[in-house]
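>>> mind folding the following:
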Amino acid sequence: DLIVHVRDITHPETILQKATVLSVLKNLNLPSHLLDSMVEVHNKVDLIESYKPTEENALAISALHGHGLEELKQEIEKKILTATGKKILTVNVNLEGPQLSWLYKEATVQEVEVVPEDGTARVKVIIGTSAFGRYKNLFPS
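Numbering: from 1, shown residues only. Have a look, this model is predicted:
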């Protein structure tokens, strides 16, 4: 669904390495949308003072120090959701009903926050559009 190209930005041949990777990917006859949506990541930016990517849409990270990793995670999540047609939603469910079980079967449940006072839970899920439509039809409230 997504290609993430991580480059050692401190390597003296980093530009040549990028060109080689792109050439190999093009020769694999991958769908153009994969190449167009590729995430470009510049790693080891901690070794270059005040590093700013010159390439459009490149993300600067330091895996060693954790710099930029949250932004990278958010970008990957956004592009995967777009590519797969899924959404992240939070729904309220009645714990006495079948909704939570249904969500575990039909979606990816990320978090369940139980509200014991009223027997409900706030459930964060990754779910496709058609599955969410079925959920709303089965559980209209």
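>>> from Val39, how far off is Lys136?
According to Cβ to Cβ, to the nearest Å, Lys136 stands 32 Å off from Val39. C-beta: built from backbone N, CA, C; applies to glycine.
>>> the more surrounded of the two?
Using other Cβ atoms under 10 Å as the criterion, Lys136 and Val39 rank with Val39 on top: 17 against 11.
>>> need the contact list for the closest residue to the more buried one other than its chain neighbours.
Excluding its sequence neighbours, the residue lying closest to Val39 (Cβ to Cβ, 6 or more residues apart in numbering) is Val4, at 4.6 Å. Each residue near Val4 by Cβ atoms under 8 Å, 6 or more residues apart in numbering is listed here: Met38, Val39, Val41, Ile76.
>>> now do the contacts for the second one.
Val39 sits next to Leu2, Ile3, Val4, His5, Leu59, Leu72, Glu75, Ile76, Lys79 when contact means Cβ under 8 Å, 6+ apart.
>>> go on, the first one?
Shown in contact with Met38 (Cβ under 8 Å, 6+ apart): Leu2, Ile3, Val4, His5, Leu25.
>>> quick one: the lowest-mean-pLDDT helix or strand in the chain to chain centroid distance?
Lowest mean confidence among the helices and strands of the chain (mean pLDDT, DSSP states H and E): helix 32-36, at a mean of 90. The chain centroid and the centroid of helix 32-36 are separated by 16 Å under Cα atoms, centre = their mean, to the nearest Å.
>>> give me the next element, helix or strand, following that helix.
strand 39-43 (DSSP states H and E).
>>> paired strands for that next one, with orientation please.
Pairing partners of strand 39-43, with direction, according to DSSP bridges: strand 4-8 (parallel), strand 59-60 (parallel).
>>> show me which residues of stretch 79-99 are buried.
Lys79, Lys86, Val91, Val93, Gln99 (16 or more other Cβ atoms under 10 Å).
>>> could I get the full set of strands for the protein?
4-8, 39-43, 59-60, 86-94, 108-115, 120-128 (DSSP state E).
>>> if anything else comes up later, I'll come back, but that's it for now.
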